[in-house]
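Enquirer: coordinates only, no sequence provided:
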């Protein structure tokens, strides 16, 4: 019955599906006051709880939420006789799409261009696209820091794909395009073919419902509707080819591949073109081409110049509207990037939460309540228990209370998120943005952290918040750098304005938490009860219009690890794509009851599926993808995987391997691999050019057990990645990955060459990665070797680099000199810096900004080198002091000529210069006071104390030292070089006073300060560092003078045989 029927048919009723109970979405609170008791209970948590803007909000497409069955009933159309064109216009969005330009973005952004067309008749256009249009458009995009990825799924579609695989390869790729941009960039090419039409019996029910497939729709038509037509997608372009050239074809057999012969397909094609012209006239370009030749059963066509220009102009216009050139006016900082990446993860993990009301209530009570002895709240549970989801849900809920400042960090969620220094640096910069005293290395950061958390809480209160709430998820995944695994960096006792919630597995990290004086309050994340398991299964399967009968449900939720949300989600994902309902009960019986076993068997099953679909090497693509991701340092970009997966052999073998470049994997093949592994991969999120990595550590563990269980296999994959990143043109990626793989290959010679590669060195010597660079040098031979290698680099390549790009060469040499100062190679650094400064002055003049950093590096060198000696009368101390004094005014003049009057950088310069010329301390003091830099003031005060140590009124220097110590302890913590320096100078005051009047009380006070200094320096620098040797000698001298020989002996036995300090 056609749509013109006057009688509304009786609607058939679909089988009832019990929906999962979903937490009620509340109305936003109207209470605008900052109230400590206003946190929502679990049943009141709103999706809009985040009080920060999400990096990307994807609206639900109107057509997706419509019920096709109900729609046809309302239209009076019978499902057994429906024509697709009777329905499709009723699924078009009621409102036009609204593009929100991204006015600020974090560097590179990925844009995916989906190419939709029939296959046989569009070979010429596709070849022109790939060889001419895409390269031109890609080059234009790269100039704007946009990575263009063309999604052409007609090339390489496996012949043995079944209907589900064929449809999902295309439709899931459109979904991925939508993940990057709400409205996909979509190119459609149509001529005289309608395309493949699936048999209705072969189309899975969940695809019919989810993508609104209607009998008679071709795959191409369904792509058009879902990717562009129903959304009124302004990004789409429809290229319609004039087919008049076909009348010139002599070989009529060729025509079968270029035009339809079946009446129903011809009718559908005409209607589809008509609807496109009716609704999207402005987005259609009609073009003609010329028949050049008939060859090997194909037509060779030409005349595509205008075709290409139309495509390029359209997508340039659309991309520039969404990502205007001004959006790169200010790139986001590292802190902003990390915050957005963490927010992506929070949003993904907090979508819904079932069965954790008790845990949520405990967390809410902990946050809201003032405790007599406040401590840390710890979530403890086994892998896959849902700790991260509970943490994310709680953090999102806490963000809805405007009286709380919230910091959250999910360890392992993003690249670099497992590094202790990176984690604490992120906290410092985000919670203490105006503080300029961040510890420069991990050990100092770990010591300072307890003080830092308290300062951050005080800062939050000063900003108008009632307290700071801190979340650290998955502490067990942190890298074991320094003493981070002992958790000494966590505060034990918290004040009322600081709350901290952490999560971890049972094991050494939990033992460390429990070993401290104030035990953490613990929440055991127990297995889900049966009702909650049932609700989760229903909720997941309902989305795909699937349900289990009572026997199947009972069988599934009674499995050993079914109480783990991760086990349930993986099992449901596997069951929903299982096609034989009659064998479903047996399938559930066969599912392993443990999480690792389930993950392993499903990964192997996905391999077998791909082996059938992509013959010859389908299963190896899955294995290779898993091994590459696990062996990489922080995951891989999709573009990198597409190239890596073409290398032969695809997986481990014992023969010689050629890892040279071999093109890119076809998108159709990659789409099937990605689709099969998607449940185990971390989504890209909203962070632009994201990296693929594993969603959960259990997957990583299974990959290591199944595929990487032998050292030689691991080494093989590290070698493959090392060879790949050696050729990589993206220096930020090669510097991140290549040294890592050479380290794991124990290839010290190659790693040494890598570290002295100029571009890689410039990347690794940044403040955020300098610690890792130092570790690599210790591994390959130590700092002395680093000094020789970098000196040789400059000697051999500097002139050549200078000829190509002088500014770049100067930057390299400056960075090398700073690095040598940082690692204590003072002689070599001075040898390089002095002629370098003269050369710069000669080339650019004495006020050039190019001189600032080299001059400061040299002054810092003299300051640090002078601190190795006990007595001011030492030749080494005098020499460095004299050199620094002579240089000080030159450094000041250089910086004052190039920096604004109140720039914080000048304060750091004045402090360093003030050590040599104390008159600059007053300028530093004024600047630090204006900028509210307490750490800077702490250094000013101990230097002023030293300057006034012979003042007639002893209270004058004592006042300075007391202020200095107070600020050092609050700004840096006790275990810090500046705090040690404050103790040392304070002690020196009493030593000098004792020397003139021999009051024993002065000597006792001096000894107390010196012992504090030596304890701090030993912990920071180690027992044999020259500055520690000098500090220990101070203590020995005092103890000997008091006749306390046995106490002095304890220090003497630690001194080296050759003691330069005296």
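Expert: Received it, and whenever you're ready, just let me know what you need. Since this is a predicted model, take the numbers as computed values, not measurements. Numbering: from 1, shown residues only.
Enquirer: what sits closest to residue 258 if chain neighbours are left out?
Expert: In this structure, residue 258 finds its nearest non-sequential neighbour in residue 121, 4.5 Å apart by Cβ to Cβ, 6 or more residues apart in numbering. To be clear about C-beta, it is placed using only N, CA and C from the backbone, and glycine gets the same treatment.
Enquirer: residues touching that neighbour, list them.
Expert: By Cβ atoms under 8 Å, 6 or more residues apart in numbering, the contact set of residue 121 is 191-193, 257-259.
Enquirer: and residue 522, helix, strand or coil?
Expert: Three-state call for residue 522 (DSSP: H, G, I helix; E, B strand; the rest coil): strand.
Enquirer: ok, the one 5 residues further on next?
Expert: State at residue 527, reduced to three classes by three-state DSSP: coil.
Enquirer: how much space between it and residue 557?
Expert: From residue 527 over to residue 557 the distance is 11 Å, taken as Cβ to Cβ, to the nearest Å.
Enquirer: my guess is residue 236 contacts residue 283. True?
Expert: Yes. When contacts are counted by Cβ atoms under 8 Å, residue 236 is listed as touching residue 283 (5.9 Å).
Enquirer: of the two, which one has the most company?
Expert: Shown here are residue 236 and residue 283; by other Cβ atoms under 10 Å, residue 236 has more neighbours (26 against 19).
Enquirer: so the residue nearest to residue 258 sits in a helix?
Expert: Yes. Applying three-state DSSP, one finds residue 121 inside a helix.
Enquirer: local confidence estimate at it?
Expert: Looking at residue 121, its pLDDT stands at 91.
Enquirer: residue 777 is in contact with residue 739, correct?
Expert: No. Applying Cβ under 8 Å, one finds residue 739 not in contact with residue 777, separated by 10.5 Å.
Enquirer: please pick the buried ones from the contacts of residue 121.
Expert: 191-193, 258-259 (16 or more other Cβ atoms under 10 Å).
Enquirer: among those residues, which are located in strands?
Expert: Among the buried ones among the contacts of residue 121, no residue falls in strands (DSSP state E).
Enquirer: can you redo those as TSV with distance to residue 168?
Expert: TSV is the format used below for those (distance: Cβ to Cβ, whole Å):
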residue	distance to residue 168
191	26
192	28
193	22
258	28
259	29
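Enquirer: what's the closest of those residues to residue 844?
Expert: Of all those, residue 844 sits closest to residue 191, with 63.3 Å by Cβ to Cβ.
Enquirer: OK, contacts around that closest one?
Expert: Counting by Cβ under 8 Å, 6+ apart, residue 191 has contacts 118, 121-122, 240-241, 243, 258-259.
Enquirer: make it 7 Å
Expert: Counting by Cβ atoms under 7 Å, 6 or more residues apart in numbering, residue 191 makes contact with 121, 241, 243.
Enquirer: tell me, how many residues neighbour the residue nearest to it when sequence neighbours are not counted?
Expert: Leaving aside its chain neighbours, residue 191 sits nearest to residue 241 (3.9 Å; criterion: Cβ to Cβ, 6+ apart). By the criterion of other Cβ under 10 Å, residue 241 has 22 neighbours.
Enquirer: any idea of the pLDDT on residue 241?
Expert: 97.
Enquirer: and it, its phi and psi?
Expert: Residue 241 adopts backbone torsions of phi -90, psi 130, taken as degrees, to the nearest 10.
Enquirer: now it: how far from residue 114?
Expert: Residue 241 is 19 Å from residue 114, by Cβ to Cβ.
Enquirer: could you do residue 409 as well?
Expert: Distance from residue 409 to residue 114, by Cβ to Cβ: 35 Å.
Enquirer: same question for residue 401.
Expert: To residue 114, residue 401 is 42 Å away according to Cβ to Cβ.
Enquirer: where exactly do the helices run in the stretch 651-800 of the chain?
Expert: Secondary structure of the stretch 651-800 of the chain by DSSP state H, counting those that start in this stretch: the helices cover 667-677, 697-706, 711-727, 731-744, 748-755, 758-764, 770-780, 783-804.
Enquirer: equivalent analysis for the stretch 401-550 of the chain, please.
Expert: Remark: helices assigned in the stretch 401-550 of the chain by DSSP H, counting those that start in this stretch are 420-431, 442-462, 508-514, 530-542, 550-557.
Enquirer: save those helices as JSON lines, and put in mean neighbour count, mean pLDDT and distance to residue 718 too.
Expert: Below are the helices of the stretch 401-550 of the chain laid out as JSON lines (neighbours: other Cβ atoms under 10 Å; pLDDT from 0 to 100; distance: least, Cβ to Cβ, whole Å):
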{"stretch": "helix 420-431", "mean neighbour count": "21", "mean pLDDT": "89", "distance to residue 718": "23"}
{"stretch": "helix 442-462", "mean neighbour count": "21", "mean pLDDT": "86", "distance to residue 718": "25"}
{"stretch": "helix 508-514", "mean neighbour count": "17", "mean pLDDT": "85", "distance to residue 718": "27"}
{"stretch": "helix 530-542", "mean neighbour count": "19", "mean pLDDT": "89", "distance to residue 718": "37"}
{"stretch": "helix 550-557", "mean neighbour count": "16", "mean pLDDT": "92", "distance to residue 718": "39"}
